[in-house]
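In: 3D model of this:
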Amino acid sequence: MVGDVHPVWPVDHGGQAVTARVSKSQSWDAFWAEAAPHAEVEIRGVMVQVPTDMPMGVEQRIQELQDSTELEDVAELVSLLFGTDCIAQWREARMGLKEFQTVLTWGLARASGRDTTFAEALALVEQGAPAGKGPNRAARRSQSAATGGPSKRTSNASTGSARKTSRS
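Out: Residues are numbered from 1 along each chain as shown. Sure thing, here's the model as predicted:
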């Protein structure tokens with residue numbers, strides 16, 4: 001590292017690398033505000049920052065709350081990902097459940113580092129994939145790797161024992 005110049009992820013600036021100058025008195029927050037990618041998108045009239053990093057604790061909270069139907073629990077996760085009051089504003093804008101699942105799937109995928117589009121997130125929701133994940137395991141395994149078709153039985157014979165009682 002030379003002096004107080006820190007390289008930052010490459011951005012298209014005519015082929016030149018972007019750098020952020022950090023003085024010895026600059027805080028981490030000021031540095032990260034310059035260095036982190038910033039993009040916003042409008043979702044149902046609400047401008048939200050596109051998630052580019054998974055907030056600490058979100059994956060654990062998802063596991064803890066996966067069976068919860070409480071609005072407060074869902075709102076907690078949405079606020080960690082998109083910001084406070086988004087869910088209330090989306091409800092006021094009459095966002096539907098499928099639409100909400102699509103936004104959540106998209107946001108979690110983006111926060112996990114996958115450059116997912118809204119259309120790809122919708123396709124995952126329609127396939128029944130959990131938010132932020134790829135197609136479910138059963139869907140992936142329903143096709144035979146060799147032929148692309150469903151797997152076929154190799155034998156009609158049972159591999160289990162026909163005996164009803166044990167021999168002593």
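
In: what about residue 90, how many neighbours?
Out: Residues near residue 90, counting by other Cβ atoms under 10 Å, number 21. Using the backbone N, CA and C atoms, a C-beta is placed for each residue, glycine as well.

In: that one against residue 46, yeah?
Out: Yes. In this structure, residue 90 is within contact of residue 46 by Cβ atoms under 8 Å, at 6.6 Å.

In: regarding the protein, what is its longest helix?
Out: Counting residues, the longest helix found in the chain (DSSP state H) is helix 97-111.

In: so for it, what gets flagged as buried?
Out: 99-111 (16 or more other Cβ atoms under 10 Å).

In: any idea of the mean pLDDT for that helix?
Out: What helix 97-111 shows for mean pLDDT is 94.

In: what's it in contact with?
Out: 43-44, 50-55, 58, 77-78, 81-82, 90, 95, 116-118, 120-122, 124-125, 129, 131-132 (Cβ atoms under 8 Å, 6 or more residues apart in numbering).

In: give me the subset of the residues you listed lying in strands.
Out: Counted as lying in strands by DSSP state E, out of the contacts of helix 97-111, are residue 43.

In: report the buried members of the contacts of helix 97-111.
Out: Using 16+ other Cβ under 10 Å, the buried members of these are 43-44, 51, 54, 58, 77-78, 81-82, 90, 95, 116, 120-122, 124-125, 129, 131-132.

In: mind listing the helices for this structure?
Out: Using DSSP H, helices in the chain cover 28-35, 58-65, 71-82, 86-92, 97-111, 118-127, 137-141.

In: tell me the mean pLDDT over the second one?
Out: It stands for helix 58-65. 85.

In: what residues sit buried inside that helix?
Out: residue 58.
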